[in-house]
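Undergrad: generate coordinates for the sequence data below:
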Amino acid sequence: MLTIALIGRTNVGKSTLFNRILGRAKALTSEIPHTTRDRNVATTVWRGVELRMIDTGGIEEGKAHNAKRKTIEDEIRRQVELAVSDADMLVLVTDVREGVLPGERTISRYLRTLRKPIIVVGNKASTERQRLACQEFSALGLGPVSPVAAITGAGVGDLLDRITSYEPQDPSSKPTTADRKLSASHVEREAPTIATRVAIVGEPNVGKSSLLNAILGREEAIVLPEPFTTRDVHDVDVVIDGRTVTLLDTAGIRRLAARAAKWSGTRLEEIERLAVRRSLAAIERSDVVVLVLDATRPATRHTKHLAQAIADAGRAGLLVVNKADLISNFDPESVIANTHQLFPHLSWAPIIGTSALMGGGTRGILPAALRADAAWHRKLSAETLAAVHGTVKRRIPTAKTSFGRKRSHLIELQQTAITPPTFLLVTRRRIRLPKAIPAIVERAIREHADFEGTPIRIIVKSAKIS
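TA: Numbers count the residues shown, from 1 in each chain. Model (predicted):
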């Protein structure tokens, strides 16, 4: 696999080119500077060659470094440096409409010291005059320039041909980020083929990116006190107990952002609207959802709506109460009871108290997510189903009929699906079932098998008995 890092100034079209190469809109794009912040990684194949593409944030010229306070520019620059060190080849993206600016000259001087293959791309070259203007960038001393128009795809195929024609001298001599061992001792690196997708969701500033960094044991995602630091869905693969887990760090979803998902009046609101949509979509395409709560502040109504969305999606999940170190006399049992009371529709989800800043409790998140995923895929045996059926028949109350109070006739109980586990309860027609029947069935199922971390769906169907 060949790793390619797209770098350049702000708003030259790196994310648009990234999306065009992938053939799908994975990265958010906007004219607002620093829309892209964390590294965005994805793989694609061109003419039989597998490419690992890394999209990065824009590098700004002239921004002074503040040693006392981290800024978004400092964090983006660090993300770019990580991408550059990880890459086999660098693609410097420029804007032909603006010409060679001091920022490109500064970046090119830095790139020449790396002794890595470099391709200069003149983006936004939609006309013949603009394609000819690309030759101006030859003055950077980085070789011939590839003109492209990422928004239409013109020239992108020729660029990919240039990229895939490169063959590293010793591809096994340079490990990539995907090959490095994580500092957390429970993570190994023999990657299996099927990944369990775990989405980390919650309101802004509850510590989602900090949790991701704590789980990985390194600074993978940008963490700043300002809200809405994470804008794109940032995914990274780890391996635990021989299983690959893809962690999806998502943008914070707040009440105003949810409203912005329906309407936007400014460009910033438009970015937040798209980010919220992608965060909600991450729930739908995940196997396990980790809902992060802030122990220092009460859960809002919108957080409860988000929890309901997880339950409605039928995904496995767990609740993480973060910033537990900021609570004096933190009582896990009391927190579990209060949290389940606040989120009754997630009563099946395990609760973990953590401190992303101190690292406390974070090592239990991945094992709990894998157990929840296993329960989400669990299929009961015929013997266990028979035992559950017998338990349910003994527990159901009597129902009022024209012949007096009778016990409902439960004909059959069968499991019809997994992800989530779904059970069909067949009853005799014309017998009105007590409303508590689905809850009784679910409770009996959970008593006979471990379904912690996953919802259970009960479908009741009546059948005529001859």
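
Undergrad: from here on, contacts and neighbour counts on C-alpha atoms
TA: Fine.

Undergrad: what's the neighbour count on H345?
TA: 17 (other Cα atoms under 10 Å).

Undergrad: quick check, it in contact with I310.
TA: No - assessed by Cα atoms under 8 Å, H345 is found out of contact with I310, at 9.3 Å.

Undergrad: need the residues that contact stretch 13-26.
TA: Contact with stretch 13-26 is made by 6-8, 27-29, 36, 42-44, 53-56, 93-95, 123-124, 150-151, 153, 156, as judged by Cα atoms under 8 Å, 6 or more residues apart in numbering.

Undergrad: can you confirm V100 is in a helix?
TA: No - under the criterion used here (DSSP: H, G, I helix; E, B strand; the rest coil), V100 is coil, not part of a helix.

Undergrad: OK, contacts around it?
TA: 136-137.

Undergrad: can we see that at 10 Å?
TA: Neighbouring residues of V100 by Cα atoms under 10 Å, 6 or more residues apart in numbering: 94, 134, 136-140.

Undergrad: nearest to R197, of these?
TA: Comparing the contacts of V100 against R197 with Cα to Cα places T94 closest, at 34.7 Å.

Undergrad: okay, the helix or strand containing that closest one in PDB with CA atoms only?
TA: According to DSSP states H and E, T94 maps onto strand 89-95. Extracted C-alpha coordinates of strand 89-95, given in PDB (Å, rounded to 0.1, in the frame of the first residue of the first chain):
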ATOM      1  CA  MET A  89       4.900  10.400  -1.100                       C
ATOM      2  CA  LEU A  90       3.800  14.000  -0.700                       C
ATOM      3  CA  VAL A  91       1.400  15.900  -2.900                       C
ATOM      4  CA  LEU A  92       1.700  19.700  -2.600                       C
ATOM      5  CA  VAL A  93      -1.700  21.200  -3.700                       C
ATOM      6  CA  THR A  94      -1.600  24.800  -5.000                       C
ATOM      7  CA  ASP A  95      -4.200  27.200  -6.400                       C
END
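
Undergrad: bridging residues for the residue nearest the centre of the chain?
TA: With distances taken as Cα atoms, centre = their mean, the residue of the chain nearest its centroid is L248 (1.8 Å). Here L248 sits in beta bridges with A199, D235, going by DSSP bridges.

Undergrad: surely I163 is within a strand?
TA: No - counting by three-state DSSP, I163 falls outside a strand, being helix.

Undergrad: can you pull out the helices in this protein?
TA: Per DSSP state H, the chain carries helices over the ranges 14-22, 72-86, 102-112, 128-133, 156-164, 208-216, 255-260, 267-284, 301-313, 332-342, 365-376, 382-395, 437-448.

Undergrad: looking at those, which is nearest to I194?
TA: Closest among the helices of the chain, once you apply Cα to Cα, is helix 365-376, at 12.6 Å.

Undergrad: return the set of buried residues in that closest one.
TA: Within helix 365-376, the residues that qualify as buried are 365-366, 368-376, counting by 16 or more other Cα atoms under 10 Å.
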